[in-house]
Each structure stands twice: as structure tokens, then as C-alpha cells.
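Engineer: Here is my input; please provide its structure:
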Amino acid sequence: RGDAMTDVIFNGSSARKPVGQASVELVFDNSDGSLSGEYARYNELSIRRVVTREGQSTYYLNGTRCRRKDITDIFLGTGLGPRSYAIIEQGTISRLIESKPQELRVFIEEAAGISKYKERRRETENRIRHTRDNLDRLNDIREELDKQLNHLQRQAQAAEKYKKLRGEERRLRAQLAYLRWEALSQQLDMLSATIRELEVQYEAEVSRYRSIEAQLEQLRSEQTEANDALNEIQGRYYGIAAEIARLEQDIKHRAERKVQLQQDIARAQAALDNAAEHVTGDMAKAESLQAELMALEPEYEMAKARAESVNERLHEFEQQMQAWQARWDDFHRRAADIQRNAEIQKTRIQHLEAQQAQARERRSQWQKELDALASQQAIQDLSDLEVQLAELDERDSQLQAEEARLADAVASQRSERDAVSQSLQTLRSELAKHESQLAALQALQRAATTDSPDWQEALAELGLSDKPTLAEHIRVQPPWQSIVEGILGNRLLARVTDEKDSDWVKQCLAAGQPVVAVVKSEHDGHLSAPAPKGLRAIRDFVEGDSADWLSQIFVADNIDEAWSARTMLAPGQSIVTAEGLWLGRDWVQCIVTKNEEQSILRRQEEIERLSQVVEAQRQQEAELAETFSKLRVSLQDLEQNWQVCQKEQLALGKTRSEVQSAYERLKAKHQSVQERKARLEGDLAKLDEQISNADASLAEARRMLEQSVEAMAEIESERSALLTEREEIRTAMANLREQAKEEKEHAHRLALRVESLKTELNSTRQSHERAIHQQTEMRERLSVLMSALEENEAPVAEIQEILESHLKAHLEVEQQLKQARERVESADERLRSLEKERINIERSADDVRRQLENEKLRRENIRVQRENFAQKLSEYGVEPSKDAPPLPDEMTEADCEAKIARIVEQIERLGNINLAAIDEYQSQSERKQFLDQQVDDLNQALETLEEAIRKIDRETRSRFKETFEKINKGLQELFPKVFGGGHAYLELTGDDLLDTGVAIMARPPGKRNATIHLLSGGEKAMTAIALVFAIFRLNPAPFCMLDEVDAPLDDANVGRYCRLVKEMSEKIQFIYISHNKQAMEMADALLGVTMQEPGVSRMVSVDIEEATALAAS
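Structural biologist: Numbering: from 1, shown residues only. Coordinates of the predicted model:
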């Protein structure tokens, strides 16, 4: 009933909000393994769909999210797909019988499980189409590669010679770099020995420093542990005090509870004695006891209310006492934290002040060294080279962007060219198809309008052979083409001419030739009798000259109208109907109409339509061919520009490498000084940050110390206030406990009296047995009270022992607290002593370190120079520390430089070289081989896919034929059961089992109908039920849903329908919707929809077996 899927989501009611999604779930039992494949191992299969208000659907398979295709694949061939025969909607039964043969075939395919084959065939056809598209693209790419390979081969030969000269130059430069590296290595060894001696001296100072640092860290750890131990002991001290107070309160409460229980036992005993005395009392006391009871009950209720009120107030004060205890514990924690924080801040201030003094002294020394370094300037300013590198990088970025743009343009142009090529091929294919259709139609038309050679010769002699035929000259409106063609007959072959003289007619008579011609008339009207009233001339539906053959023929809407108007016809006039009846005043003729393929007039219309289509497609083909040619020329220009851009990139890269090398050489000369300056500046910045942070930390520590001192003064007043509040609460609780005790005793006394009176009154009114039962109850009460008294006495001694142990522990913890404070003070004193010794050692180590850093700076300068030469050697593939390049005897640096100059001169004479040509040629050759292999693979894949299609077609034909025969047999068996006789069968409408339609024929008992459409609505429904059940017998779906299938059936047919469903339900689960009582009685369970709450529908279910058993009981 909804327009969209989101309409199934509950939109709310007057009392309920709308929801955001709807969910439906189907659970299938697969314990028998009906579902094969990967799901055969599941005994149960759950399929769920969730729809949100955004229109999005989510699918789940056994709780796992999946695609919609996964769900449809499971349902293929089960009868539960989108073309399901398992769900028969309202009105589907009648449409099933009246459906077209191709529509009825769908149900047979679903029962045969062919739907999955058709889906597989469709996917295979898509793969074939994609494979052919890929093959075309690969062939285009192979053609382009052949052109590129020829050009790259020439460039690769020149690059080989260039690489050989470069290799010789590389070898000489490696020898030169090794000679320089070896000289620097000797200088580096001498400096390293000096540095090692200084490092030993520095390590000794550092070792002493670290020893002092380790002792300091240990002392700080001991100080922290002592503070933690002090805090932990203070926590235990105050915790034990709180536990002692709680235990004293518990003992006091149990003593009060004991007194209360003893009083209750005494009263219970008294009540028992009183009940015993009144067992044998006189019934005459009943009236006086009733009056006294009525007087006491209001007083008792008031006493009980007062006792409850006092208890509630006492409970409130107990809660206040608990809250006070929590505040008291929090107060102790805060007081300890404040004290501990004050001590920590004092130590922290001392430590920070010492650090500040050391940091300022160290900063002064570093600043002097930095001022000395700042006076040293770089040998040569590098800004010019940096600007040049930036310009080269900018140009490289521009070339990269241009190359990317050209690459994208080439790809886009190729894609556009391929699209136009594909469109052109498609258009040519359609044009060829339409031209072949047009040629075939023209050939048929010529065959139909051309007679014997004598006829052609006669037309030529009369000069009529080039004149159009009447069929080509006229146009007839539908549906009168066949009627006009039947009326005119062979006269449609008559030639239409505008000859004014009669010479050609005389010539025709003299020759004795049977030539028919239509002479165009000069006047518009026709000299004829008037038309019968209410009838139109058939000429009104014909455009063009048709002589007078149609001038006196009129049309009628139906046969009855034509027969009635026959008497109004004048001589020579006649009437024709669309059914083909042609009659005059005293004659009748039936026109045999031709089908569309044999009709000359309809074929002529199709020829003209196809001619227009072919002409338009030829014009479109010329436009597309011109576009394709322009795109191909444009693509060649873009590819040429792309190659030029790539060459410019290679030249720019070479230039940048040379500038970069010069920049690196200059930068290495003053890099060590800059690094030292950077380190000093970084150290100064860090030291300034440390000094600033230390100042802030010192100020923060002093502020926190002042806050702690102020907080310690404030917290003493809070202590006094808490102690005063505790005394007030205790006093109020004592008064309330006394008042509660009095109110409770008074209420209890009244309760005993009321109970006593009730007991006496009941004893008087009831039998002796009732009185004995009352005594039993009182004894049970005494037993309960005695048990409660024993339970209350048991833990008192144990609590007393725990209290004494806590008092002893309190004294021990107090002593431990004193000792912990002494340990904290001792650790602080030792920490200050070691801190002074650490400062002296640190100053001595700094002197040695400065001397060591100066020597390392000298060594670093030499090492950087040596590493530059080592880096050059590594670029040449030589590891100087492991293997030296082969050197001629007594070779010097000057000899190497002379040889290198000669090699460079030879390289420059070669001109521009494309070094990437060798690799690109190899890469493109491999790509060509790979593309050739791909083409072979695609051809093989095409053969495989086409063979798969043929196999699918064979399997489809076989399964369809087998299923059709079985369903036909089942229909022939079920139809007599449904109707009590008669017969029905299925038949194929074509010869090809892949696309033939299926028709159904049914004849109930006593009927000889010619078509299925002559059956009544009920008979059609019963026939459709027989067909659906025949399909189910062959391929049963998991369930069958029938929606008001019994609506058009009478009671007798409903009974047959119910018996058939009952029989089929032994193997198939049926869910049907019905308003028929007879159909409802057949069900095992009834489900209904009710709306107890407005706007909210709910399901109501009834199990028939349970309901029957309940009714029987």
C-alpha cells in the first residue's frame, strides 16, 4: 500500500514516537541440507533486512552484514526469488492464468532452477563484452608501442657509447677521491689519539659526578620513601581511631538491643499466660472486651505513629553522624596533605635555588664561547646558490605540472578517441543492420510489385516503367491498410501518370497488353451519388490519387451498422468494415486480410521509415568519422609536446645536480662552525628556558609554601568546629534514643493490650481448638525472641576483643609516627651535604669537556671532508675502508685531473643524450611482450566464455524440457482432483527451448471451451491453484504464501481447495490469508492483527490444537 520502502517504518501514533528503522528476518531450517554449497554446513540460516528512513537497506546473513546479491543468489532456483511462485498475491491467481506465454515461462524457469543459469549467462555475456573491449584497447596500444620502439632503439645505441665514457670518467674520479680520502685519514688518526686521552680524563670526572648523582638519587628515593611511610603511618593512625569509635558505638547498640529483647520476652510470656487463663473464659465477656478494644485501637495507632516519627528523626541524626565522620576523615587527610606539602615545598625551594646558581654560572661561560664563535664568518655567502637552486626547483615543479597536465590530456584525449571510435563502430553496426533490413524489404517489395517480363516490356513501350505504382503513391491510415489492399488487389500495381492525351491508351489497345494505369484527375470533386447518412467514404482515410475505385466505398463501425445501411446504398456504392466485410445492395464479400509481412502498403511504409533512418545514420557516421580524424591529429600533437617536456626535464635535472654539488662543497667548509654555534645557541636557549622554568617553579613553590602555612592555620579552626558539631549530634541522638525507647515501649504495651483483648474476644467466640492454636503461636514468638537474644549476645565478646587490639595498635602506630618524622629530617640533612660536593665535581668536569670539544671540533672538520670524499667513493661503488680502487704506480692527483678533462671533452662532443632510452627501450619491449601475452590470454578467455555460454544453453534446454514435462504431468494429475474430472495441459508456443513461451489449456468437466479465457473467475483460480501446486510438487519452496486465493471460490471449490492444501501441507509449510471460515478451520494456527492501542497494530496468535484441548478440558 505504500509508495516507497520507507513507508513500512512505524510513523508514530498519538501516544508513541516514530521509529527510525524497520527490520524483517526470515529463519530457515537447513538441518536436512536442502541448501547446498557453502551454506550446507549451517543447520539454520537467518536472513535479515533493515530499512532506515534515509532509504538505505542493510542485509545480514546469519548476523553478518552482506550484499543484496548474496541474498538473491541464495534464493535463485528456490521459488523465493523476485519472480516467485511461492508467494501468490491477491489477484495474482487470475493474472497467472491470463498471463502471456513468456510470462508463464518465468514460473517454469524458476521451478527448474534456470534463473541462476540465466544470471550466470548474463554475467558471462558481460565478461565477453568487456573482454572484447579490452582486446580492442590492447591492439591500439600495441600499434603505438611498435612506433615508439623503433625510435627508442636509435636513442639507446647513442646512450650506450655515452655510458661507456661516463664509466671511464667515473673510474678516474674514484681514484682521485681515494687519494684525497687517504691523506685526510692519516690526519684523523693523530687527532683521534689526542681525543681518546681527553675522553679518559673526562670519563673519570663524569664517573665521580655520576657516583655523587647516584647517591643523591638514592637519598632522594629514601627521602620520598620516608615521606610516603610517614603519610602511610598517619593514615593508619587516623583509620584505627575511626575504627575504635565505630566498635564502641556497636557495643553500645547491642547492649540496648539486649534490654529491648528481654522486655519483649517478658511481655510475650505475660501474653501467653494471659491467653491460657482466658481459654476457659465465659462468652459473656465478649461485649465488654469489644468495647475496650474499640477504645484502645485509636490510642495504639497514635502511639505507633509517634514511635515511627521518633525513629525517622533518629535515623536522620545517624546519617548526620555518618556524614560528620566522613568529613572528619577528609579533614585528617587534608591536614596531613597540607603538612606534607609544606615540607616538600621547603626542600624544593632549597634545591631550586642551588640549581639557579649553577645554571647562571654555566650560561655565562657558554655565552662567552658563543661570542667568540660569532666573530667567525663563512668563507663564501651561499645565498646566490640557494636562489639558483630555488629557481631550478621552481622550474622543475612547473615542468612536472606541465608533464602531468600533458599526461592527463593525452589520457583524456585517448579516452575520448576510444569513445568516439566505439560510437562509430556501434553506429556502423546499426547502419549495416538497417541497410540490410531496407534492402530485404525493397527486394520483397520488388518481388511483390513486379510481374512477368511481358508486363515490364509493355510498361517500357508505353513509357510508364519509370512511373510510381499506386502502392507507392498512396498512404492509408490504420487500421484500413489491409482493407484497402484487399479492395484494390492487383490494382495497387497500377502506374500513376499525368498523361492528358489518349495516344498511350490507343497504343496499349493495339498491342493487346494488360496494362492498368491511374490518370491523375484535374478536378477535386467526384461526380457520384451522395453518401448514405452517417457513413464516411474510405477515401477520407487515403492520401493520394486512387482513381475512382474507392470513391463509392464507405466505412461502417461494425457489421450490424453496415448491414442496416445496406438498403440506403445507391447503385455502385458499397460498405466495408474493419473486420473485412464488404457488401453492396445485393452482394456480400469477405476480404481476406494479409499479415504485416505480406502487406504491400505496410511494407512500403516501413521502407520509407527505414530510408529516413539510414539517411540520418549515414550523416551521423560522416560527422563521427570527421571527429575521430580530428581527435587522432590532436592526440599526435599532444604526445609530441609530452616527449619535448620529458626531455627538458632530463636536461634540467642534470643542471640542478651540478649546482647542488657546488652548493654542498661550499656548505661543508663552514658547517662545523655553524653546527657548534647552533649547539651553543640551542644549549643557551634550553638553559634560559630552564632558568625561566626554575624561576617560575621557585615562585610557585614559595607561593604554595605560603598557602600551606595559611591552610594549616585555617584548618585548626575547622577542627574545633567539627568537634563541636560531633558533641551536638551525639547529645541529640542520645535524647532521641531515649524518646524512641519510651514511645516504642508505650506502643508495644498498647499493642500487647490490643492483642490480648483480641485474643480474649476470639477465644470467647471460637472453639477450644482455636484457643490452643493461639497458645502455639505465642510459644513460637517466645522461641523467636529467645533466638534473637542469643544471636545478639554471641558477637559482643568478640567485638570487645577487637576493640582492645585496636587500642594497642593505636599506641604502636603513634610511636611509629614519631620515628618516621625523625627519619625524614635525617634524610634532608644528608641530601644537602651531597649536593654541595656534586657542584664542585661538575665544575671540574666542564673544564675537561670544553678542551675535549675543541679537539673534537677539529677532528669533525677533517672527518666531514673525509666523509664527503667517502660519499663520492660510495657513489662510484667503492668502499674505501674495505677495498681501494686499482691505482697505477706513482699516480698523483694532477695525473687524474688531466685524464678526467680529456674524457669530459669527448662526452661534450656527443651532444644531447637520452639516458632513459636504454631502460625505456627494455621496459617498452617487455611491455610489448606482456601485451602480446595478454592478447593471447584474452583470445583464449573469449573461447572459454563462449564455450561456457554454449554449455549453459545446453543445460538450460535440458532442465527446462525435463521440468516442463514433469509440471505438465503434475498438472494433468492435480486438475481432475481439483475439479472432480476434466483435463488440463501445458504446451510450448515455439521450437527453441531457450525462449519459447508456455501456454496453458484447461477444460473442466462438461465444458469444451476453446481458450482458457472462457472460464469463470472461480475456474481460473482453481486451475491456477492446480498449476502452482504442480510446481510445488516438483520443486517445493521453503514455504508457500497464499493471499486470499479462495476469494473468488464458492463453498464447494473452497472445500476442494482446503483438502488439496491439507494434503500438500504434509511436505510444505503453508501461510495463507483468508476471510473464509471453512479455510480458517483447516489451519493449525491462526494469526490475527488487532489494534487495542490507537494507531498501533499487534499480532495475536492462537494454536488450534492447544485451543481444542483447552475447550475439551
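Engineer: what domains does the record give for the chain?
Structural biologist: What automatic domain parsing lists as the domains of the chain is 1-75, 80-111+947-1082, 456-466+477-595.
Engineer: ranking those domains by burial, who's on top?
Structural biologist: Highest mean neighbour count among the domains of the chain (mean count of other CB atoms under 10 Å): domain 80-111+947-1082, with a mean of 17. Bear in mind the C-beta positions are built from the backbone N, C-alpha and C, glycine included.
Engineer: who touches Arg105 in this structure?
Structural biologist: Neighbouring residues of Arg105 by CB atoms under 8 Å, 6 or more residues apart in numbering: 996-998.
Engineer: JSON lines for the residues you listed, including pLDDT, distance to Ser221 and secondary structure?
Structural biologist: Below are these laid out as JSON lines (pLDDT from 0 to 100; distance: CB to CB, whole Å; DSSP: H, G, I helix; E, B strand; the rest coil):
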{"residue": "Thr996", "pLDDT": "87", "distance to Ser221": "96", "secondary structure": "coil"}
{"residue": "Gly997", "pLDDT": "88", "distance to Ser221": "96", "secondary structure": "coil"}
{"residue": "Val998", "pLDDT": "88", "distance to Ser221": "95", "secondary structure": "strand"}
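Engineer: what's the closest of the residues you listed to Asn134?
Structural biologist: Distance to Asn134, by CB to CB, is smallest for Thr996 among the contacts of Arg105, at 34.8 Å.
Engineer: Test my guess that the closest one contacts Gly990.
Structural biologist: Yes - counting by CB atoms under 8 Å, Thr996 does reach Gly990; the two are 3.4 Å apart.
Engineer: pLDDT weak spots in the stretch 201-350 of the chain?
Structural biologist: Filtered on pLDDT under 70, the stretch 201-350 of the chain yields the residue ranges 271-272, 274-287, 289.
Engineer: Can you tell me, leaving aside adjacent residues, what's nearest to Val206?
Structural biologist: Closest residue in space to Val206, ignoring its immediate chain neighbours: Ala845 at 5.8 Å, by CB to CB, 6 or more residues apart in numbering.
Engineer: Does the one you found lie in a helix or a strand, and which?
Structural biologist: Per DSSP states H and E, Ala845 falls inside helix 796-875.
Engineer: Kindly report the same for Tyr1072.
Structural biologist: strand 1069-1073.
Engineer: check contacts around Gln155.
Structural biologist: Counted by CB under 8 Å, 6+ apart, Gln155 has contacts 914, 917, 921.
Engineer: picking up where we left off before, determine which of the domains of the chain approaches Arg405 most closely.
Structural biologist: domain 1-75 (39.0 Å).
Engineer: I'd like the mean pLDDT over the closest one, please.
Structural biologist: Taken as a whole, domain 1-75 has a mean pLDDT of 82.
Engineer: same question, stretch 839-851
Structural biologist: Averaged across stretch 839-851, pLDDT comes to 77.
Engineer: in it, what counts as buried?
Structural biologist: Using 16 or more other CB atoms under 10 Å as the test for burial, stretch 839-851 gives 841-842, 845, 848-849.
Engineer: would JSON lines of the residues you listed with distance to Leu785 be doable?
Structural biologist: Shown next, in JSON lines, are the buried residues of stretch 839-851 (distance: CB to CB, whole Å):
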{"residue": "Ile841", "distance to Leu785": "82"}
{"residue": "Glu842", "distance to Leu785": "82"}
{"residue": "Ala845", "distance to Leu785": "86"}
{"residue": "Val848", "distance to Leu785": "92"}
{"residue": "Arg849", "distance to Leu785": "89"}
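Engineer: Against Val644, how distant is Gly235?
Structural biologist: Noted for Gly235: a distance of 84 Å to Val644, by CB to CB, to the nearest Å.
Engineer: Tell me which of the two has more neighbours.
Structural biologist: Gly235 (15 against 11; other CB atoms under 10 Å).
Engineer: residues in contact with that one?
Structural biologist: Residues counted as contacts of Gly235 (CB under 8 Å, 6+ apart) are 333, 336.
Engineer: tell me the SS of it?
Structural biologist: At Gly235, secondary structure determined by DSSP: H, G, I helix; E, B strand; the rest coil is helix.
Engineer: Run through the stretch 851-1000 of the chain and note the low-pLDDT ranges.
Structural biologist: 881-886, 889, 911, 915.
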